[in-house]
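Peer 1: Any chance you could fold what I've pasted below:
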Amino acid sequence: MPMRRRSSPSAPVPGLCVRRAYGGRVADQHPAEAAVAWAESVVGDTAVEHRGLREGSNPWLLTFASGSEAVLRLSTPAAAALQRTEIAAMAVAERHGIAAPRLLGADIDGLGAVLISAVPGRSTIPPTPSPARLRALGAAAAALHAVPLQPGPDLPLRTRPIESVDFAAMRRDGATTDLLTRAEEMIAGRPLPAGAAFVHGDLWQGNTLWSGDGELLAIVDWDCSGSGHPGVDLGSLRCDAAVLYGPAAADHISAGWTATTGREPDDAAYWDAVAALSTPFDLGYFLQAIADHGRPDLDQATAVARRDAFLQTALTTLDARR
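Peer 2: Numbers count the residues shown, from 1 in each chain. Model (predicted):
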């Protein structure tokens, strides 16, 4: 598909770690002493070790003298709203028994700090598809979507994945393709499917933790959460599976969701297209995050071709239903 570059040679990107528009990185080799002291006061124990969980920096895994652990996440003042969203979402997850970290404490206005429970497991993405793992992801999404949720100040309406990043503006200011432009036009001409379920808003394999024997232990990074149609998460998971393994892998996500809910997803083609549009035109910095989660083998040409094939299938389905 031909690329069309706009007048500006590049678009603004929210930071290296893909899907994390957390108000700018807090990138230091050590967490702030005041934040560590605050975490110690919350836990009632002395922190004896810290380890950066993202490129050797924030967020921090703190180990205490007793051997217990917690995750300290620091952010900038601009990210206060995102921190409040994450706190509210974890509260909903806890009330409904959804696998997620639990909030231990927060000091948003002062330190810009959130302390959460440490969940064992790894977010490494396997190089070959596991239908059972993909179906488990779909089932986990269904557990979220079983929770009815009306929009509110901290958990607003979500109409697409990673709503804090304006991918359409990035394409306008940088580069795009004919396929992406056509998808934007088709989506813009359709009414938003209604839905008021609890959605994660940034659901991809990098935001999940797994045991060594393949059990899904937790979903993490809840700062894009809110109320919306289940397709916000399903489309995101399906697009993620398609990029990582090829378009056919997306159907395992839907199979897991359907087996749990007892029904087929609504408006799947629409949400597939929305999810594909919630990516940079060339997947640029997304690929860095994918590599950081164990898939440096995925080259840009393959990933983009898979994303575009996934999107083309969605558009063909939408066009047939006009």
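
Peer 1: Residue 267: neighbour count?
Peer 2: Using other C-beta atoms under 10 Å, residue 267 is surrounded by 21 other residues. Backbone N, C-alpha and C define where each C-beta goes, glycine included.

Peer 1: same check, this time on residue 313
Peer 2: Close neighbours of residue 313, defined as other C-beta under 10 Å, add up to 17.

Peer 1: What distance do you get for residue 83 to residue 222?
Peer 2: Per C-beta to C-beta, to the nearest Å, residue 83 is found 10 Å from residue 222.

Peer 1: Tell me how many other residues surround residue 166.
Peer 2: Residue 166 is flanked by 15 other residues according to other C-beta under 10 Å.

Peer 1: May I have the phi/psi pair for it?
Peer 2: phi -90, psi 90 (degrees, to the nearest 10).

Peer 1: again, but for residue 114
Peer 2: Here is the backbone geometry of residue 114 (degrees, to the nearest 10): phi -130, psi 130.

Peer 1: go on, residue 75?
Peer 2: Backbone geometry at residue 75, expressed as degrees, to the nearest 10, gives phi -150, psi 170.

Peer 1: What sits closest to it if chain neighbours are left out?
Peer 2: residue 112 (4.8 Å; C-beta to C-beta, 6 or more residues apart in numbering).

Peer 1: close enough to count as contact, the one you found and residue 82?
Peer 2: No - in this structure, residue 112 is not within contact of residue 82 by C-beta atoms under 8 Å, at 10.7 Å.

Peer 1: tell me, what's touching these two both at once?
Peer 2: Common neighbours of residue 112 and residue 82 (criterion: C-beta atoms under 8 Å, 6 or more residues apart in numbering): residue 75.

Peer 1: check contacts around the residue lying closest to residue 266 once chain neighbours are set aside.
Peer 2: In space, and not counting its chain neighbours, residue 266 is closest to residue 193: 6.5 Å by C-beta to C-beta, 6+ apart. Going by C-beta under 8 Å, 6+ apart, residue 193 touches 229, 231, 266-267, 270-271.

Peer 1: Looking at the residues you listed, which are in helices?
Peer 2: Among those, DSSP state H puts 231, 270-271 in helices.

Peer 1: Next up, phi/psi of residue 208, please.
Peer 2: Dihedral angles of residue 208 (phi, psi; degrees, to the nearest 10) stand at phi -130, psi 150.

Peer 1: One more: residue 48?
Peer 2: With angles defined as degrees, to the nearest 10, residue 48 sits at phi -110, psi -10.

Peer 1: do the same with residue 104
Peer 2: Here is the backbone geometry of residue 104 (degrees, to the nearest 10): phi -100, psi -30.

Peer 1: picking that back up, buried only: go through the contacts of residue 193 for me.
Peer 2: Among these, those classed as buried by neighbour count (16 or more other C-beta atoms under 10 Å) are 229, 231, 267, 270-271.

Peer 1: got JSON lines for those, with distance to residue 136 and pLDDT too?
Peer 2: Formatted as JSON lines, the buried ones among the contacts of residue 193 follow (distance: C-beta to C-beta, whole Å; pLDDT from 0 to 100):
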{"residue": "229", "distance to residue 136": "22", "pLDDT": "98"}
{"residue": "231", "distance to residue 136": "19", "pLDDT": "98"}
{"residue": "267", "distance to residue 136": "23", "pLDDT": "94"}
{"residue": "270", "distance to residue 136": "25", "pLDDT": "97"}
{"residue": "271", "distance to residue 136": "20", "pLDDT": "98"}
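
Peer 1: And what about residue 222, helix, strand or coil?
Peer 2: coil (DSSP: H, G, I helix; E, B strand; the rest coil).

Peer 1: Then residue 60?
Peer 2: strand.

Peer 1: Please tell me I have it right and it contacts residue 69.
Peer 2: No - using C-beta under 8 Å, residue 60 makes no contact with residue 69, being 10.4 Å away.

Peer 1: How about residue 61, nearest residue that isn't a chain neighbour?
Peer 2: Counting by C-beta to C-beta, 6+ apart, residue 51 is the residue found nearest to residue 61 once chain neighbours are left out, at 4.7 Å.

Peer 1: Repeat that for residue 154.
Peer 2: Using C-beta to C-beta, 6+ apart and skipping residues adjacent in sequence, the residue nearest residue 154 is residue 88, 3.9 Å away.

Peer 1: if I pick the one you found, what's in contact with it?
Peer 2: Neighbour list for residue 88: 152, 154-155, 225 [criterion: C-beta under 8 Å, 6+ apart].

Peer 1: Check which helix or strand it maps to.
Peer 2: According to DSSP states H and E, residue 88 maps onto helix 80-95.

Peer 1: Mind checking which of residue 60 and residue 69 has more residues around it?
Peer 2: More crowded of residue 60 and residue 69, by other C-beta under 10 Å: residue 60, with 26 against 17.

Peer 1: No further queries at this time; thank you.
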